[in-house]
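A.B. asks: Provided below are the primary sequence and the corresponding predicted coordinates.
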Amino acid sequence: MSKPVSIKLLLWIDCTAAFLAGLLLFVLHTKFSLFFGLPVALLITQAVLNFIYGSLSFYLFRQSSPSIRLIAVLVGANLLYATTSLLLAFYFSSQATVYGLIYLFAEFFLISLLAILEWKTINVYERR
């Protein structure tokens, strides 16, 4: 049986990815809007949500023993964001460029994967 991934490592990946994505979306929202064929307001909203989310995951990362309940909230937020990305891909399918759709589907896939890994990891820690 493989060793479970450290929850601290997952939280570090989570907060780093959220902050980087938020920064890129915030700084390049106009260019991304044209390239992705998605509204500027959507990209700015995603940037803000990434900063909020990144702050929570960074807070948990900094804890010596992060709260399992707060990590579960983080997992729920990940799943909500991922599901929303998938729904947005369908909603904007007629207006988004192929790159915009790839971006939204990639968001869905990667964030879902991270949520699954975090969920499995906290379940391992709860059983100890």
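C.D. replies: Received it, and whenever you're ready, just let me know what you need.
A.B. asks: name the helix or strand for the residue nearest the centre of the chain, please.
C.D. replies: Geometric centre of the chain, nearest residue: residue 111, 4.6 Å, by CA atoms, centre = their mean. Residue 111 is part of helix 98-127 when elements are defined by DSSP states H and E.
A.B. asks: what's that helix packed up against?
C.D. replies: helix 7-36, helix 68-91 (3 or more CB pairs under 8 Å, 6 or more residues apart in numbering; DSSP states H and E). To be clear about C-beta, it is placed using only N, CA and C from the backbone, and glycine gets the same treatment.
A.B. asks: isn't the residue nearest to the centre of the chain up against residue 83?
C.D. replies: No - Residue 111 is beyond contact range of residue 83, at 9.3 Å (criterion: CB atoms under 8 Å).
A.B. asks: before we move on, back to that, next up, the contacts around the residue nearest to the centre of the chain.
C.D. replies: If you count contacts by CB atoms under 8 Å, 6 or more residues apart in numbering, residue 111 has them with 78-79, 81-82, 85.
A.B. asks: swap the cut-off to 7 Å and go again
C.D. replies: Contact analysis of residue 111 by CB atoms under 7 Å, 6 or more residues apart in numbering lists 78, 81-82, 85.
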